[in-house]
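Undergrad: Curious how this folds, go ahead:
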Amino acid sequence: MTVRHLLEGATCAAVLCVVGLTSVDVRADVAPLPVVSEAPVLTLSLADAVAAARTRGFDILMAEASVRSAQAGIRLAGQPPNPVLTAGPSRRVDCFSGSCPGAWGMFATLSDQGLIEGAITRKRRLREDVATRALEASRFGRANAERVVVAQTKVQYVQVAAAQARVDLAREVAASLQKSVEVNRVRYPRVIDEGQLARVEQEAMRAAQEVDLALRQLRQEQIDLAVMLGTAGPIPDIAVDRNVLAFHVPEALSPLDKASLFRVAMENRADRKQAVAQVAQAEASVSLAERQRFPDVSLLLQYQQQGTGDSAPSPPTVSVGVGLPLPLFYHQQGEIGRAEAERQSALVMRRRLETAVAADLEAAVNTFATSRRIVERYESALLERAKRARDITQIQFDAGSATLTDLLDAQRSWVQATGGYYTELVNYWTSVFLLEQALGRELVR
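TA: Next up, the predicted model:
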């Protein structure tokens with residue numbers, strides 16, 4: 001999702017750079033579209049957006065459901081088996097053809113279903129251990145989902161702020177061009193010819209189209225943010241704090257010490273902790289599979305009698321016995337082999353994840369350092385010079401010493417620089433939030 005939004009933001013900025021104009025059309029001869037209904041306006045701070053994502057984000061809610069399922073798994077694993085009581089009447093076979101004394105009797109058998117054997121061999125305790133490790137992994141999975149969702153929410157919030165800034169830029173350019181149209185209509189035909197007037201009008205109409213495109217992009221960014229926040233019902237018109245775009249370097253990233261950041265990432269990343277917990281779960285599963293080689297022994301208590309009184313064919317009898325499968329042909333080789341394979345897979349996944357942590361961090365640091373230099377260059381000189389060149393060319397054009405082409409080129413360069421600045425601000429803050437995601441720790445709140 002982040003990559004797609006960055007590409008969309010770059011595309012929007014590229015349109016600004018090529019056209020050089022982005023604004024609203026205030027011409028009276030262009031009728032506005034009818035408004036069917038107005039969406040409610042929701043003013044949202046970055047902290048509010050993050051809080052909403054933590055409580056209503058779909059990935060987080062799914063991870064919480066997994067945690068509850070793992071909690072139920074512990075109860076299931078540690079639950080002692082219920083004893084089984086088997087009882088019923090009996091009748092002597094040689095009495096079916098006629099009546100005879102003591103023909104009817106009864107029997108009852110009670111089995112502990114391996115309750116005592118499970119406690120002695122600690123099979124139930126091992127099953128609880130496997131389930132406990134699974135719960136620990138699920139909790140880290142929930143924390144990892146929050147890590148990703150929070151970073152993505154921040155990136156999307158910045159996308160909305162940048163889209164708002166592009167709309168304002170578009171409207172500013174449109175207003176400037178509309179004013180130029182009005183001024184040049186007065187100057188025609190004494191100062192400018194019909195071709196120059198037509199060109200100014202064309203640029204003004206193109207600027208009006210760019211305003212609509214910027215508004216459309218803003219609405220799409222609002223929709224994407226609302227989805228990330230788990231908004232139900234009609235999506236509101238979300239107004240965000242534009243100040244989040246203001247450039248500054250988080251204290252934790254100045255100076256940029258990659259070795260220190262790597263240690264922080266290895267200590268904090270929830271997905272790495274989840275991988276470690278999954279290895280522990282796999283090792284517990286191996287121990288349980290090996291312990292299952294011991295047969296499941298059930299203790300039996302039986303009571304039976306046939307008839308009553310002194311003449312009963314079979315007086316009341318109590319028997320104690322043991323029931324167990326005889327391990328003659330199979331010794332849990334399949335379960336043990338599968339558990340060992342899953343342990344090996346978990347070890348590989350943990351090593352792979354640790355490599356991915358290092359790669360994520362390196363990529364985020366590289367993007368951050370590059371974006372920081374670009375934004376600093378914009379703020380130190382590029383923006384001011386582009387604006388100064390446009391203002392001077394406007395004065396020269398009004399005085400008659402610059403051509404309309406010169407003015408439009410200067411205007412286009414200024415819009416290109418401003419649009420590029422917004423794009424690089426988005427890239428910079430995206431790199432900061434991706435660094436947060438790579439570190440597993442928030443840097444901006």
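
Undergrad: In the stretch 201-350 of the chain, where is pLDDT below threshold?
TA: Applying pLDDT under 70 to the stretch 201-350 of the chain flags the ranges 309-312.

Undergrad: Would you map the strands across it?
TA: Counting by DSSP state E, counting those that start in this stretch, the stretch 201-350 of the chain has strands at residues 237-240, 298-306, 314-323.

Undergrad: so what's the residue lying closest to residue 139 once chain neighbours are set aside scoring on pLDDT?
TA: Computed as C-beta to C-beta, 6 or more residues apart in numbering, the closest residue to residue 139 that is not its neighbour in sequence is residue 67, at 5.7 Å. To be clear about C-beta, it is placed using only N, CA and C from the backbone, and glycine gets the same treatment. With respect to pLDDT, residue 67 scores 95.

Undergrad: what about residue 67, neighbour count?
TA: 17 (other C-beta atoms under 10 Å).

Undergrad: just the helices in this structure please.
TA: 2-19, 46-56, 58-78, 115-121, 123-187, 194-228, 258-268, 270-291, 333-377, 383-399, 404-439 (DSSP state H).

Undergrad: which residues make contact with the shortest one from outside it?
TA: Helix 115-121 is touched from outside by 80-81, 83, 123-124, 291, 294, 296-299, with contacts defined as C-beta atoms under 8 Å, 6 or more residues apart in numbering.

Undergrad: Test my guess that residue 171 contacts residue 210.
TA: No. Between residue 171 and residue 210 there is no contact under C-beta atoms under 8 Å: 9.8 Å.

Undergrad: any idea which residue sits dead centre in this structure?
TA: residue 149 (3.6 Å; C-alpha atoms, centre = their mean).

Undergrad: measure that residue to residue 64 for me?
TA: For residue 149, the distance to residue 64 (C-beta to C-beta, to the nearest Å) stands at 12 Å.

Undergrad: rewinding a little: export the helices of the chain to a markdown table and append columns for distance to residue 305.
TA: Shown next, in a markdown table, are those (distance: least, C-beta to C-beta, whole Å):
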| stretch | distance to residue 305 |
| --- | --- |
| helix 2-19 | 77 |
| helix 46-56 | 65 |
| helix 58-78 | 38 |
| helix 115-121 | 26 |
| helix 123-187 | 35 |
| helix 194-228 | 72 |
| helix 258-268 | 70 |
| helix 270-291 | 40 |
| helix 333-377 | 43 |
| helix 383-399 | 101 |
| helix 404-439 | 73 |
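
Undergrad: weakest of those in terms of mean pLDDT?
TA: helix 2-19 (a mean of 36).

Undergrad: Count the neighbours of residue 193 for me.
TA: Residue 193, neighbours per other C-beta under 10 Å, totals 10.

Undergrad: Let me see the contact set for it.
TA: Contact analysis of residue 193 by C-beta under 8 Å, 6+ apart lists nothing.

Undergrad: For it, give me the pLDDT.
TA: pLDDT for residue 193: 76.

Undergrad: which ones are touching the residue nearest to the centre of the chain?
TA: Per C-beta under 8 Å, 6+ apart, neighbours of residue 149: 53-54, 57, 59-60, 228.

Undergrad: I'd like to know which of these are buried.
TA: Buried residues within the contacts of residue 149, defined by neighbour count using 16 or more other C-beta atoms under 10 Å: 53, 57, 59-60, 228.

Undergrad: how far does stretch 231-246 sit from the chain's center?
TA: 19 Å (C-alpha atoms, centre = their mean, to the nearest Å).

Undergrad: Identify each buried residue in it, please.
TA: Buried residues in stretch 231-246 (16+ other C-beta under 10 Å): 231, 235, 238, 240-241, 244-245.

Undergrad: With distance to residue 401 as new columns, can these be given to me in a markdown table?
TA: Listed next are the buried residues of stretch 231-246 as a markdown table, based on distance: C-beta to C-beta, whole Å:
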| residue | distance to residue 401 |
| --- | --- |
| 231 | 55 |
| 235 | 51 |
| 238 | 47 |
| 240 | 43 |
| 241 | 43 |
| 244 | 42 |
| 245 | 37 |
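
Undergrad: Return the closest of those with respect to residue 437.
TA: The nearest member of the buried residues of stretch 231-246 to residue 437, counting by C-beta to C-beta, is residue 244 at 17.0 Å.

Undergrad: gap between that closest one and residue 165?
TA: As defined by C-beta to C-beta, residue 244 lies at a distance of 11 Å from residue 165.

Undergrad: cool, residue 375 as well?
TA: Taking C-beta to C-beta, one finds residue 375 at 14 Å from residue 165.

Undergrad: hmm, back to that, please identify the one among the contacts of residue 149 that lies nearest to residue 132.
TA: For the contacts of residue 149, the nearest to residue 132 is residue 60 (22.4 Å; C-beta to C-beta).

Undergrad: Give me the residues contacting stretch 429-445.
TA: The set of residues external to stretch 429-445 that reach it, using C-beta under 8 Å, 6+ apart, is 2, 6, 46-47, 50, 147-148, 150-151, 154-155, 158, 244-245, 250, 252-253, 261, 264-265, 268-270, 357, 360-361, 363-365, 367-368, 371.

Undergrad: Just the buried ones from those?
TA: Buried among the contacts of stretch 429-445 (16+ other C-beta under 10 Å): 2, 6, 46, 50, 147-148, 150-151, 154-155, 158, 244-245, 252-253, 261, 264-265, 268-270, 357, 360-361, 364-365, 367-368, 371.

Undergrad: Skipping adjacent residues, who's closest to the residue nearest to the centre of the chain in space?
TA: That would be residue 57: by C-beta to C-beta, 6+ apart, it lies 4.3 Å from residue 149.

Undergrad: which residues does that neighbour contact?
TA: 145-146, 149, 153, 228-230.

Undergrad: ok, the residue lying closest to residue 425 once chain neighbours are set aside - contacts?
TA: Excluding the flanking residues, the one nearest residue 425 by C-beta to C-beta, 6+ apart is residue 245, at 5.0 Å. Neighbouring residues of residue 245 by C-beta under 8 Å, 6+ apart: 158, 161-162, 165, 422, 425-426, 429.

Undergrad: which of residue 171 and residue 210 has more neighbours?
TA: Neighbours were counted for residue 171 and for residue 210 using other C-beta under 10 Å; residue 210 has more, 28 against 20.

Undergrad: just checking, that one touches residue 169?
TA: No. The pair residue 210 / residue 169 is not scored as a contact, 9.4 Å apart, by C-beta under 8 Å.
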